[in-house]
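In: Sequence and predicted structure, then a few things I'm wondering about:
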Amino acid sequence: MSDRNELALIDWIRLKAKHAVGLQVGIGDDAAVWQVGGKSLLLTTDMLMENVDFLLSEAPASLIGRKAMAVNLSDIAAMAGKPLVALVAVALPKGCGFEFARELHEGMQAIAEEFDVTIIGGDTNAWDQPLVVTVTLLGEASERGAVTRSGAKPGDWLFVTGPLGGSIRGKHMSFKPRIREAIELQKSVNLHAMIDVSDGLSADLHHILDESGVGATLVTDSIPITEAAKQMGDSRSPLEHALSDGEDFELLFSCSPDDGRKLLSGVCTVPVHLVGEINAEKAARLQWPDGTITSLARFGWEHSF
Ligand SMILES: [Mg+2]
């Protein structure tokens, strides 16, 4: 199935879910927001597949388990929420052994505990196919409410919480979900829109622009670039890596210029980098040091199937 078909499928499912009682935010954000008993619950799930999201030859079981939990934590962070409990479903390759399965779960447990998350259930199966790990995470929105992808306003400043690119060199397995950073940011300022950078800065920015019905300009020499991206040494520049590599799991968010100035003056301890601004005109652009403006393609990738 092509990227287009995947998006069409999601749109179709989205339509079906439209009238669910209590549903505040459905498909199309980092987590669903479901209101029950006066609380806004956040629900998200992510599947990691061997040979797509990790290679067994390159990652120990504990790191695979850690990543499976961490990508879900990152989606709760993107809503500025607090994670609570998780369900874990694993399809183990037959013959992988007890020790492998134990290490996989230890990796999940360790990072779950770090963020006060309890694994309260799940399912374990074995088959003669590669490893698949699915974590479903339940969290709750803060009193200020969940931060969605759809609240960006023209004039907003755009920030990221850390350098981007080259995560394939290691960060994609060992990144820190920005749960605490998101909560602190939301306590300090009024976050308009937020997403975690999983598909790549450009692709994830486009998700915010699509959901908010706005455009944006990124300033090329303001984009923080990781050392790993600078050392990739392939045909793509470090900037291209920072724009299009996925799985950095930093936060990309927008807020008013007033709040942006507060953040830059150190109103909270979270490191932030101003990378551009939101525009009314629905286009994504790059502004280069000589003042040239070019259009910003939707790099990054969506899963094709
Ligand atoms: Mg996400």
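Out: Thanks, I have the structure now.
In: Helices along the stretch 201-305 of the chain, start to end?
Out: In the stretch 201-305 of the chain, the helices defined using DSSP state H, counting those that start in this stretch lie at 201-212, 227-230, 238-244, 257-264.
In: Off-centre distance for the last one?
Out: Distance of helix 257-264 from the chain centroid (Cα atoms, centre = their mean, to the nearest Å) equals 23 Å.
In: Please, where are all the helices along the stretch 51-200 of the chain?
Out: 61-78, 98-114, 171-174, 179-188.
In: Tell me which of the ones you listed sits nearest to the ion.
Out: Closest approach to the ion among the helices of the stretch 51-200 of the chain is made by helix 61-78 (4.5 Å; Cβ to the ion). Yep, even glycine has a C-beta here, placed from its N, CA and C like the rest.
In: average pLDDT across that closest one?
Out: The average pLDDT for helix 61-78 rounds to 97.
In: So which bits of that helix are buried?
Out: Buried residues in helix 61-78, defined by neighbour count with 16 or more other Cβ atoms under 10 Å: 61-78.
In: Quickly note the distance from Asp116 to Glu143.
Out: Computed with Cβ to Cβ, to the nearest Å, the distance linking Asp116 and Glu143 is 18 Å.
In: higher neighbour count, those two?
Out: A count of neighbours by other Cβ atoms under 10 Å puts Asp116 above the other of Asp116 and Glu143, at 11 against 8.
In: Phi, psi for the more buried one please.
Out: Main-chain dihedrals, Asp116, degrees, to the nearest 10: phi 60, psi 30.
In: That one: what's it in contact with?
Out: Pro83 (Cβ atoms under 8 Å, 6 or more residues apart in numbering).
In: now it: how far from the ion?
Out: For Asp116, the distance to the ion equals 21 Å [Cβ to the ion, to the nearest Å].
In: Now Leu137. Nearest residue, chain neighbours left out?
Out: In space, Leu137 comes closest to Asn72 once its chain neighbours are excluded; the distance is 4.0 Å by Cβ to Cβ, 6 or more residues apart in numbering.
In: Let me see the contact set for that neighbour.
Out: Contacts of Asn72 (Cβ under 8 Å, 6+ apart): 44-46, 83, 86, 135-137.
In: Check Ile119 too.
Out: By Cβ under 8 Å, 6+ apart, the neighbours of Ile119 are 85-88, 108-109, 112.
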